[in-house]
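Q: missing the sequence, but the structure's below:
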């Protein structure tokens, strides 16, 4: 070290400072990765028990006195099936089957599915 010139010492210090800054950035990235869990990132909970990771502390929500889900006395919002629909549209296959027989002559086997459409009134 005593044989180095002033310019060489300055160049050495600069290289050491750059290497130190790179290592500090790497340490910062590694600390951030270790600190991530399913509680504070979009990682799946299955990665919480990987080696080197601490399990997140379960946090309790505020106690409001209410149960989860639909509350007692809440009115329903589902649209019920109509006993007698306003319109019934039969859906029959058209064309020919794989054997060349016309599907219009096929035997009716009953209702395969029954969707209901609810039209909302114009505002």
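A: Now that the structure is in, tell me what you want to look at. This one's a predicted model, so the numbers in the text were calculated from it and none came from an experiment.

Q: Now do the closest residue to residue 44 other than its chain neighbours against residue 18, distance only.
A: In space, and not counting its chain neighbours, residue 44 is closest to residue 38: 6.3 Å by CB to CB, 6 or more residues apart in numbering. For the C-beta atoms, the positions are set from N, CA and C on the backbone; glycine is no exception. For residue 38, the distance to residue 18 (CB to CB, to the nearest Å) stands at 36 Å.

Q: Can you list the low-confidence ranges for the chain?
A: Across the chain, the ranges flagged by pLDDT under 70 are 50-57, 109, 111-112.

Q: So for it, the centremost residue is which one?
A: In the chain, the centroid-proximal residue (CA atoms, centre = their mean) is residue 42; its distance is 9.1 Å.

Q: Can you tell me the SS state at that one?
A: coil (DSSP: H, G, I helix; E, B strand; the rest coil).

Q: so how far is residue 48 from it?
A: Distance, residue 42 to residue 48, using CB to CB: 13 Å.

Q: Around residue 37, how many other residues sit close by?
A: Here the number of neighbours of residue 37 (other CB atoms under 10 Å) works out to 17.
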